[in-house]
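**Student:** Using only what follows, build the 3D model:
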Amino acid sequence: MENKLTKNLYLFPYLLWIALFVIAPILLVLYYSFFDIEGNLSLINYQKFFTPVYLKMTFSSFWYAFLITAISLLIAYPTAYLLTKTKHKQLWLLLIIVPSWINLLLKAYAFIGIFGTYGAANSFLNLMGIGSQQILFTDFSFIFVSVYIFIPFMILPIFNSLNELNPTLLDAANDLGASKWTTFRRVIFPLTIDGVKSGCQVVFIPALSLFMLTRLIAGNRVITLGTSIEQHFLVTQDWGMGSTIAVFLIIIMVVIMVVTNTRKRGV
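**Tutor:** Numbering: from 1, shown residues only. Model (predicted):
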């Protein structure tokens, strides 16, 4: 009885936190989504979301989030694999993760300097004889900076999955005559798929709702659902439409979390 009471006491702060800072905000967003810009109860916001403008914006958000996730995965998997083979792998992993501790805004402004007209990137291009190029405020700069920011979160779960891989399974595949590609395709990748799913989840979901980088790095050339939410709340003051977009964004994120669920079933 005492153990149960103690457990409930420890559980109470967690439940209170979830209720106040997760459930309550979601319910508040859902509540505001049923009001138009004039404050009248209406379903007009949900009707507007399914117009070509917002559907195109949704597709654009998915496309950029997919590109960021795919490029991050293509770089992160071989990087994580090489890390597991190095002597001081924990140190190298720490050096990769440390930049993620720096404030996102500071990193964004740093890349504005690097990709600017007189930045380091254009100085290098001039040195190579290519000449100055418009790098900032392009799709390339947006995707590049986004991948740089999110790639540590892709590397970490994949590294953990690869690090926990039983080496005797690789020896068995080698003894059975499997090539390196076959070993990777039939043994390594299937056994580390949970790490890949976790990495894709923690990259795709925040990439879907990016808004600050679309302003600072892409110069509003890239319009996502996150950008639209910011505009409706801070510029047009249409909280209802902004809340409606947020509701659909939450639904999409929940679906992605269910699809990429890494829960292991019992044997």
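**Student:** Would you mind measuring the gap between the ends of stretch 182-192?
**Tutor:** For stretch 182-192, the first-to-last residue distance is 15 Å (C-alpha to C-alpha, to the nearest Å).
**Student:** What's the mean pLDDT across it?
**Tutor:** Averaged across stretch 182-192, pLDDT comes to 92.
**Student:** Flag every buried residue along that stretch.
**Tutor:** Buried residues in stretch 182-192, counted by 16 or more other C-beta atoms under 10 Å: T183, F184, V187, I188, L191, T192. Where C-beta positions appear, they are placed from N, C-alpha and C, glycine not excepted.
**Student:** Just give the closest residue to the fourth one, not the sequence neighbours.
**Tutor:** Of all residues beyond its chain neighbours, the one nearest I188 is L165 (6.7 Å), with distances taken as C-beta to C-beta, 6 or more residues apart in numbering.
**Student:** That neighbour: what's it in contact with?
**Tutor:** L165 is in contact with I188, L191, T192, counting by C-beta atoms under 8 Å, 6 or more residues apart in numbering.
**Student:** and the last one, what is it in contact with?
**Tutor:** So that's T192. I158, S161, L162, L165.
**Student:** doesn't the first one fall inside a helix?
**Tutor:** Yes - the assignment for I158 is a helix, going by DSSP: H, G, I helix; E, B strand; the rest coil.
**Student:** Helices of the stretch 51-200 of the chain, start to end?
**Tutor:** For the stretch 51-200 of the chain, the helices defined by DSSP state H, counting those that start in this stretch cover 52-85, 89-97, 104-115, 120-127, 139-163, 167-175, 180-183, 189-191, 193-208.
**Student:** ok, of the buried residues of stretch 182-192, which one's closest to V247?
**Tutor:** The shortest gap between V247 and any of the buried residues of stretch 182-192 belongs to T192, at 34.6 Å (C-beta to C-beta).
**Student:** In contact with the nearest residue to L169 once chain neighbours are set aside, which residues?
**Tutor:** Closest residue to L169 apart from its sequence neighbours, by C-beta to C-beta, 6+ apart: V187 at 5.7 Å. V187 makes contacts with L169, L170, A173, A178, as judged by C-beta under 8 Å, 6+ apart.
**Student:** For ChimeraX, what selects the buried ones among these?
**Tutor:** Listed next is the ChimeraX selection for buried residues among those, using 16+ other C-beta under 10 Å:
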select :170,173,178
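**Student:** can you redo the contacts of V187 as TSV with pLDDT and distance to I205?
**Tutor:** Compiled in TSV, the contacts of V187 are given as follows (pLDDT from 0 to 100; distance: C-beta to C-beta, whole Å):
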residue	pLDDT	distance to I205
L169	89	31
L170	88	32
A173	89	34
A178	87	35
